[in-house]
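> My questions are about this predicted structure, shown below with the sequence.
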Amino acid sequence: MPRLRSAALLVLGTLFALPASAQAPDAIPARYREVANRIIAAAQADSMGAWHRIAELSDRFGHRLSGSAALEEAIDWTAATMTRDGLSNVHKERVMVPHWVRGEESLELVAPRRQRLPMLGLGGSIGTPAEGITAEVMVVASFDELKARASEAKGKIVLYDAEWRDYGYNGAFRRVGAIEAAKAGAVASLARSAGPYSMRTPHTGSMSYDSTVTRIPHASVTAEDAMMMRRMINRGDTVRVTLRMGATTRPDAQSHNVMGELRGSAKPDEVVVMGGHID
């Protein structure tokens, strides 16, 4: 079945690789619809296999930040698993990767009451001073609102509380939120988790800096806590938090890409390349 699932992905990738302008209307889908439907049905009939595989990866190795020992252990497991699945020419290729270490971190609401809040530092963020950063929170729903209220942001922690639209839109607050907040004079920034629902779980990922703008710490908070802080502020409360992050960026570390092949029977010399995250 692993071969069949991989074949499904390879065939479907081939079907949709050509731009619409290069093919007659519905020509490719119509030609391959029957075989594609058979492949999709076979893959869906064994969906638990894929679930168990990703569950084992997550359960056994936990987080797999680039540069970490957990990632390298997961890479070795992936190579061994691909070999057991019957892929040919399975091998690792060396590559240098960023090595960011999260360290100890916390976020505490200190006014109008005290409460620890779940958070995750965003990948690549700088840390805070050892004593943390304690400041008033300013909540905005968009970059446009931040620009319109930039005079209010100096010395504060900007919280992006954007309702879910889609990953591209909401992910921007994670990726460049620190840059825009720093331009307005903020001392740190927080981004509401990017997702349509939550179980008080912060969502992490990478973020970026601009060399022309002061770097400030940047972290993710849950949707529930972002909405709570907005409600408090809307009622007239002053919301203050203490953010502590021990994040550091170390020299690039050596890691590996894992490569393997599923050779076709009809056209073994033609190649469809697919890739995915292990980290």
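Looks like it arrived, so ask away.
> just the strands in this structure please.
With strands called from DSSP state E, the chain shows them at 88-101, 105-111, 115-117, 119-121, 133-140, 157-160, 188-192, 218-221, 240-245, 248-261.
> Turn those strands into JSON lines, columns for distance to residue 76 and mean neighbour count.
C-betas here are computed from N, CA, C, even on glycine. Listed next are the strands of the chain as JSON lines, based on distance: least, Cβ to Cβ, whole Å; neighbours: other Cβ atoms under 10 Å:
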{"stretch": "strand 88-101", "distance to residue 76": "8", "mean neighbour count": "14"}
{"stretch": "strand 105-111", "distance to residue 76": "29", "mean neighbour count": "17"}
{"stretch": "strand 115-117", "distance to residue 76": "36", "mean neighbour count": "13"}
{"stretch": "strand 119-121", "distance to residue 76": "26", "mean neighbour count": "24"}
{"stretch": "strand 133-140", "distance to residue 76": "39", "mean neighbour count": "20"}
{"stretch": "strand 157-160", "distance to residue 76": "38", "mean neighbour count": "27"}
{"stretch": "strand 188-192", "distance to residue 76": "33", "mean neighbour count": "29"}
{"stretch": "strand 218-221", "distance to residue 76": "30", "mean neighbour count": "28"}
{"stretch": "strand 240-245", "distance to residue 76": "31", "mean neighbour count": "22"}
{"stretch": "strand 248-261", "distance to residue 76": "9", "mean neighbour count": "14"}
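> Nearest to residue 63, out of those strands?
With Cβ to Cβ as the criterion, residue 63 lies closest to strand 119-121 of the strands of the chain, at 10.1 Å.
> centre of the chain versus the closest one, how much separation?
Remark: strand 119-121 is offset 12 Å from the chain centroid, using Cα atoms, centre = their mean, to the nearest Å.
> With stretch 215-222 instead?
Computed by Cα atoms, centre = their mean, the separation of stretch 215-222 from the middle of its chain amounts to 14 Å.
> Identify all contacting residues around stretch 250-258.
With Cβ atoms under 8 Å, 6 or more residues apart in numbering as the test, stretch 250-258 has contacts from 66-67, 71-72, 75, 78-79, 82, 90-101, 278-279.
> Please apply the same query to stretch 220-231.
Residues from elsewhere that reach stretch 220-231, judged by Cβ under 8 Å, 6+ apart: 107, 109, 117-122, 137, 139, 159-161, 164, 174, 190-193, 195, 197-198, 200-205, 239.
> Mind doing that once more with 6 Å?
Under the criterion Cβ atoms under 6 Å, 6 or more residues apart in numbering, residues 117-120, 122, 137, 139, 161, 190-193, 198, 200, 202-204, 239 lie in contact with stretch 220-231.
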